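> Please work out how this folds:
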Amino acid sequence: MRQELLSLPKGLAEEVSKNLVMVARLIDEDPEQAYAYSRIALRLASRVAAVREAAGFAAYATQKYSEALAEFRAAKRMTGSVELWPVMADCERGLGRPERALAMAGEPEVQKLDKAGQVEMRLVAAGARRDQGQLEAAIVTLQSPELASNSVQPWTARLRYAYADALLAAGREDEAREWFAKTLEADKDGATDASDRLAELDGVEFVDASVDLADDLVEDDEDEDEDEVEDDQDPAEVARAERASDVAEYYDEDDEEYEPQEESEADFDVTDEVVVVEDDERDAGLDKA
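Predicted coordinates for the structure are as follows:
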């Protein structure tokens, strides 16, 4: 790539390089942002194969398969390399054309791929078989010397995982469990979720401790808030409010079964003023008015 960028004017080469670095840095954690940087690089240097390839991978990461395929084809024409053949076939799958992916798996270009590329092509072909509902054919496609080898290579975990997943989809649970376990042995970087799949087959349920802890903290905060409110209230005010609540709850003049509650002297505050107006006095007052 560096050699290709040297063909550009110095200032332009530096600008393109900065954008390509951002694509590589963000493509896994923020594909959309990586795609945006790739478009800038593509606008600046569309005749550079490395730029077309980076743009293709950024589009592929955001599932823009038609655009990715066009960029990969352009890069292949510029370099003459077949290195991108498997990902081009996978773009065909993404576009809903598994038959084209299978046709590419039988092309002479596959024989020119290195071992890693051939394994990748086998994974794509097996995926295409599954797209067509041919589970047993997918399983057979994945059966290879690379799968049977005890040697752990960069592709080993993904190959074993795909095989285990195909077995499980075909209802061969015991075999699937065995291969998920083998995947876990080879997956030192945690690139697959083989451990979760294995636990699921064993009937193990995981509890998210962080969520439970957060819930407990929220409950504790709510309890503390309630305690603070209660501590701030005057006991005398609370007692008067409770008495008022009792009267409001039970008082109904139209209720034949209503019986006024007798209040003891202790229920009255010495500061309360009680004014009693007799019925005769009230009527007299109204007549005068």
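> contacts for stretch 103-123?
Residues outside stretch 103-123 that contact it (Cβ atoms under 8 Å, 6 or more residues apart in numbering): 82-83, 85-89, 92, 124-125, 128, 141-142, 144, 146, 153-155, 158-159, 162. Every C-beta, even on glycine, is put in place using the N, C-alpha and C of the backbone.
> ok, now with 10 Å
76, 81-90, 92, 97, 101, 124-126, 128-129, 141-144, 146-147, 153-156, 158-159, 161-163 (Cβ atoms under 10 Å, 6 or more residues apart in numbering).
> Helices of the stretch 1-150 of the chain, residue ranges please.
Taking DSSP state H, counting those that start in this stretch as the criterion, the stretch 1-150 of the chain contains helices spanning 2-5, 10-26, 31-44, 49-61, 65-79, 85-94, 98-105, 115-131, 135-142, 145-148.
> Mean confidence (pLDDT) on the third one, please.
Regarding helix 31-44, the rounded mean pLDDT is 97.
> Using neighbour counts, pick out the buried residues of that helix.
31, 33, 34, 35, 36, 37, 38, 40, 41, 42 (16 or more other Cβ atoms under 10 Å).
> I'd like to know which elements that helix is packed against.
Counting contacts by 3 or more Cβ pairs under 10 Å, 6 or more residues apart in numbering; DSSP states H and E, helix 31-44 is packed against helix 10-26, helix 49-61, helix 65-79.
> make it 6 Å
Judged by 3 or more Cβ pairs under 6 Å, 6 or more residues apart in numbering; DSSP states H and E, the packing partners of helix 31-44 are helix 10-26, helix 49-61.
> Among the buried residues of helix 31-44, which one sits closest to residue 172?
Among those, residue 31 lies closest to residue 172 (Cβ to Cβ), at 34.1 Å.
> which residue packs closest to that closest one, ignoring adjacent ones?
Here the nearest residue to residue 31 in space, its sequence neighbours aside, is residue 61; by Cβ to Cβ, 6 or more residues apart in numbering that works out to 3.9 Å.
> Could you do residue 139 as well?
Spatial nearest neighbour of residue 139, chain neighbours left out: residue 166 (4.9 Å); criterion: Cβ to Cβ, 6+ apart.
> The one you found: neighbour count?
Look at residue 166: counted by other Cβ atoms under 10 Å, it has 25 neighbours.
> Offset the numbering so it begins at 43, please.
Happy to do that; since the first residue is 43 now, the last one works out to residue 208.
> mind listing what's buried in the host helix or strand of it?
Element membership of residue 208, judged by DSSP states H and E, is helix 198-211. Within helix 198-211, the residues that qualify as buried are 198-210, counting by 16+ other Cβ under 10 Å.
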